[in-house]
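> Have a look at this prediction, sequence included:
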Amino acid sequence: MIASRRSQIRRRTGWLVLPVVAGLIATSCGGGDDDADSAEQSAEITEAEPTASDTGDTADTGGTEASEPAESEPTESSEVGSAIEESAPVVVTIAEDTALDPVAGGTLRYGLDAEVNGINPAASALSAPGLTMGNAVFDTLAAITPEGEAVPWLAESFTPSEDFKTWTVKLREGVLFQDGTPLNADAVITNFEAQRGHPLVGLAVKPFFPETGGATKVDDLTVSFNLLDPNAFFPATVAGQLGMVASPTWLAAAIDDPTLNQMPVGTGPFKIESRSQDSVTRFVRNDDWWNGEVYLDAIEFYPTPDTTTRVDLLLGGELDGLMTNDPEATVTLEEADGIENVLDETGEEQFAMINTSMPPFDDVRARHALALATPLEDYLQLIGLGVSTPANGRFLPDSPFYNPAVVQEGDDPEAALALVSEYCAEHGNDENPVLGGPACTDGKINMELQYSGPSVIQTRIHELLSSSWNEAGFNVTLNELLEDAHIQETALGQYNVNTWRQFGADDPSTDNVWLLCRTIGGISLNWPRYCDDARDALLMQAQAITDPAERIALYQQAEQMIHDAYSYIFLRHTLWDNAFADYVHGVCDRTSPEGDPLKCASNGRVWFGQMWMES
């Protein structure tokens with residue numbers, strides 16, 4: 001059995017244990033094992049792209065003004081946007097032989113859990129596999145340390161105004177895109193406007209910036225980001241997809257020729273050489289990378305949705321690394337000789353998600369009943385295999401933001417039946433728009449459970465859930481859709497209940513995009529379409545202040561309100577494993593240009609500029 005962990009590297013050849021400080025919240029957003037993919041505001045808009053691989057589906061207005069932020073002098077710092085100063089210690093297990101000198105050469109063959117529709121941060125729905133490929137070719141304005149702090153990457157510095165509504169970003173001098181275009185303020189503004197104007201990616205941008213002047217030029221290497229609301233942790237939002245900077249020359253060409261979305265051009269350590277969707281995407285070393293030497297000759301990405309096949313390819317020597325959040329695969333890889341596992345549980349949560357905008361689940365009693373009817377213990381043992389940490393909300397138990405008073409309800413079918421009976425007595429003749437019939441039949445609530453497939457593990461999950469719900473007062477209709485249709489219907493609100501994977505941002509303020517009233521619309525990133533102005537006020541206040549104790553109190557209050565809305569039935573925290581053959585080194589040797597250690601894995605994705613292979 002795998003011991004509880006938050007972020008570890010483990011190799012079966014013996015290891016040295018080092019104490020480190022845990023990153024509080026890592027995102028995501030991504031799809032996979034057990035629930036739908038979703039995304040972080042920081043640019044994982046799939047965070048709206050769920051995936052049916054591993055054990056999960058895919059995916060992932062109004063509001064009250066935040067109170068005035070605490071007074072603070074503007075600062076210019078290489079460390080900005082710290083999630084909180086008091087974080088829980090974590091154990092990282094590192095192989096003893098990692099002091100080898102890096103050598104150049106070799107092609108890393110890496111198994112992805114799904115294919116993506118493009119690799120354009122301004123136009124593509126980038127789930128974990130898309131962001132992983134994006135990390136090879138793009139750099140972001142900021143990067144995240146293991147402590148959850150955002151530090152400059154492509155940026156040289158971030159300087160906030162006193163009210164945290166304007167952030168001045170100074171860029172590094174002399175950086176070139178792979179097509180020779182210079183990185184400058186105009187390039188960053190072009191990327192911002194492209195993202196803001198995109199019908200999907202723009203959903204994570206428009207609610208937080210004015211209609212014009214969201215990003216303005218100060219000088220050739222300086223940009224001001226002008227926010228609608230104070231955000232003391234803004235740099236964390238540009239450490240993911242929204243911070244990936246693409247060549248403006250390429251972006252313009254991709255508008256005229258959308259096929260170029262498959263051939264990205266960035267400033268990163270690797271340049272794309274070829275891409276055959278559903279087969280292999282190959283990147284080669286960028287010898288002119290601004291941040292130093294790149295060791296690998298090339299990286300080849302192989303989308304392999306079937307987890308067993310992906311694991312077999314790694315163990316058989318046909319892959320050198322892979323991503324998975326399938327607990328069974330993680331157990332297998334932990335027990336395998338010659339495999340190094342980078343384990344991370346600081347990212348997304350997996351849950352059943354309820355559409356609160358239509359009958360029957362516009363009534364909190366129906367939502368509460370479904371939670372009570374959920375077989376939490378069976379799910380954690382049969383699906384999570386006892387490996388993953390049970391989820392009571394968005395935060396792990398060792399996070400300062402965790403509220404111990406919030407406990408996910410479940411395994412109480414008798415209490416569920418009582419609420420179902422009460423609901424059906426009052427609303428049994430209401431129409432369920434998704435099913436096109438009455439809300440109740442024979443005293444039971446009619447509902448659809450939607451998920452993405454085909455997937456063996458998805459089928460097991462949804463048969464488990466539907467069986468328990470059927471016995472506790474629900475008539476469950478299963479609806480398996482292909483990923484694209486599943487995501488579309490979720491975004492349009494055309495579902496009753498689905499399974500999803502989301503949250504887990506490096507700073508919790510970045511996850512506001514999934515919760516605020518202002519992100520509800522015809523196409524919604526607030527997927528449950530649940531609006532609570534009081535909750536919004538807490539969340540906006542928490543992003544506007546830097547005092548750790550005040551932030552803790554605000555987030556703990558917000559977690560109670562999220563629980564009480566019963567729009568999510570939390571199941572487990574996602575345990576990601578980025579596994580590598582033991583001849584692959586440097587996975588966690590990533591540092592900022594100023595020497596700050598950086599996270600080596602986040603929400604299923606890793607970075608490749610520092611990796612090398614034994615010859």
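Okay, I see it. Predicted, not measured: the structure shown is a model, and the values here were computed from it.
> show me what contacts Trp612?
By CB atoms under 8 Å, 6 or more residues apart in numbering, the contact set of Trp612 is 102-104, 106, 295-296, 584-586. For the C-beta atoms, the positions are set from N, CA and C on the backbone; glycine is no exception.
> Narrow those residues to those that are buried.
Restricting these to buried positions leaves 106, 295-296, 584-586, with burial counted as 16 or more other CB atoms under 10 Å.
> Turn these into TSV, columns for secondary structure and pLDDT.
Shown next, in TSV, are the buried ones among the contacts of Trp612 (DSSP: H, G, I helix; E, B strand; the rest coil; pLDDT from 0 to 100):
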residue	secondary structure	pLDDT
Gly106	coil	98
Tyr295	coil	98
Leu296	coil	98
Val584	strand	98
His585	strand	97
Gly586	coil	97
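> Would you format those residues as CSV with distance to Thr356 included?
Listed next are the buried ones among the contacts of Trp612 as CSV, based on distance: CB to CB, whole Å:
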residue, distance to Thr356
Gly106, 51
Tyr295, 50
Leu296, 47
Val584, 45
His585, 48
Gly586, 46
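> Now the two most distant members of the contacts of Trp612.
Ala104 and Val584 (14.0 Å; CB to CB).
> Helices of the stretch 501-615 of the chain, residue ranges please.
Secondary structure of the stretch 501-615 of the chain (DSSP state H, counting those that start in this stretch): helices at 533-544, 548-565.
> Could I get the full set of helices for this structure?
128-137, 185-197, 248-256, 307-315, 327-335, 364-373, 376-382, 413-427, 456-471, 483-491, 533-544, 548-565 (DSSP state H).
> Of the helices of the stretch 501-615 of the chain, flag the one that's most buried.
When these are scored by mean count of other CB atoms under 10 Å, the highest mean neighbour count falls to helix 533-544 (a mean of 21).
> so Val513 touches Val205, yeah?
No: with contacts counted by CB atoms under 8 Å, Val513 stays clear of Val205, the gap being 9.2 Å.
> Look at these two and report which has more neighbours.
Val513 (29 against 23; other CB atoms under 10 Å).
> Distance check, the more buried one against Thr459.
31 Å (CB to CB, to the nearest Å).
> repeat for Val265
40 Å.
> ok, these two, which is more surrounded?
Comparing Val265 with Thr459 by other CB under 10 Å, the one with more neighbours is Val265, at 24 against 14.
> Tell me the confidence at the more buried one?
Predicted confidence (pLDDT) for Val265: 98.
> picking that back up, for Thr212, state which of the contacts of Trp612 is nearest.
Scanning those for proximity to Thr212, where the rule is CB to CB, the winner is Leu296, at 42.7 Å.
> List the contacts of the closest one.
With CB under 8 Å, 6+ apart, Leu296 has these contacts: 104-108, 270, 285, 608, 611-613.
> and the helices of the chain, which one is worst for confidence?
Taking the mean pLDDT of the helices of the chain, helix 483-491 comes last: a mean of 89.
> Tell me how far that helix lies from the chain's centre.
17 Å (CA atoms, centre = their mean, to the nearest Å).
> which helices and strands does that helix pack with?
strand 444-452, strand 497-502 (3 or more CB pairs under 8 Å, 6 or more residues apart in numbering; DSSP states H and E).
> Just put those strands in TSV and tack on mean pLDDT and distance to His427.
Listed next are the helices and strands packed on helix 483-491 as TSV, based on pLDDT from 0 to 100; distance: least, CB to CB, whole Å:
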stretch	mean pLDDT	distance to His427
strand 444-452	97	9
strand 497-502	96	17
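> Spatially nearest residue to Ala215, not counting backbone neighbours?
Spatial nearest neighbour of Ala215, chain neighbours left out: Phe192 (4.2 Å); criterion: CB to CB, 6 or more residues apart in numbering.
> Surely that neighbour and Gly213 touch.
No: counting by CB under 8 Å, Phe192 stays clear of Gly213, with 10.9 Å between them.
> more neighbours, these two?
Set side by side, Phe192 and Gly213 show more neighbours around Phe192, with 21 against 9, by other CB under 10 Å.
> So the residue nearest to Pro404 when sequence neighbours are not counted versus Asp411, what's the distance?
In this structure, Pro404 finds its nearest non-sequential neighbour in Pro397, 7.7 Å apart by CB to CB, 6+ apart. Remark: distance between Pro397 and Asp411 (CB to CB) = 19 Å.
> ok, these two, which is more surrounded?
Between Pro397 and Asp411, counted using other CB under 10 Å, the more crowded position is Asp411 (16 against 13).
> who are the neighbours in contact with the more buried one?
Asp411 is in contact with 372, 374-377, counting by CB under 8 Å, 6+ apart.
> 10 Å instead, please
Asp411 sits next to 372-379, 468, 472 when contact means CB atoms under 10 Å, 6 or more residues apart in numbering.
> any idea which of the contacts of Trp612 is closest to Gln556?
Scanning those for proximity to Gln556, where the rule is CB to CB, the winner is Gly586, at 38.5 Å.
> wait, isn't the closest one in contact with Val342?
No: between Gly586 and Val342 there is no contact, the gap being 11.6 Å when judged by CB atoms under 10 Å.
> who touches both of the two?
Counting by CB under 10 Å, 6+ apart, the residues touching both Gly586 and Val342 are 580, 600.
> on that earlier part again, can you list the contacts of Trp612 in TSV and add distance to Asn355?
Below are the contacts of Trp612 laid out as TSV (distance: CB to CB, whole Å):
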residue	distance to Asn355
Pro102	50
Val103	53
Ala104	52
Gly106	48
Tyr295	48
Leu296	45
Val584	43
His585	47
Gly586	45
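> any idea how far Ser452 is from Ile299?
27 Å.
> Give me the buried positions along stretch 311-320.
311, 313-315, 319-320.
> Keeping just the C-alphas, turn it into CSV.
The C-alpha coordinates for stretch 311-320 follow below in CSV (Å, rounded to 0.1, in the frame of the first residue of the first chain):
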residue,chain,number,x,y,z
VAL,A,311,2.2,1.3,-18.4
ASP,A,312,3.1,-1.8,-20.4
LEU,A,313,5.0,0.4,-22.9
LEU,A,314,7.0,2.0,-20.1
LEU,A,315,7.8,-1.3,-18.4
GLY,A,316,8.7,-2.9,-21.7
GLY,A,317,11.2,-0.1,-22.6
GLU,A,318,9.1,1.4,-25.4
LEU,A,319,8.5,4.6,-23.4
ASP,A,320,10.9,6.5,-21.1
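> Run the chain-centre distance for that stretch.
With CA atoms, centre = their mean, you get 26 Å for stretch 311-320.
> which other residues reach it?
106-111, 296, 299-300, 302, 304, 306, 310, 321-322, 324, 326, 328-330, 332-333, 336-339, 577, 579-581, 583-584, 611, 613.
> Out of those, which end up buried?
In these, the ones that pass as buried (16+ other CB under 10 Å) are 106, 108-111, 296, 299-300, 302, 304, 310, 321-322, 324, 326, 328-330, 332-333, 339, 577, 579-581, 584, 611, 613.
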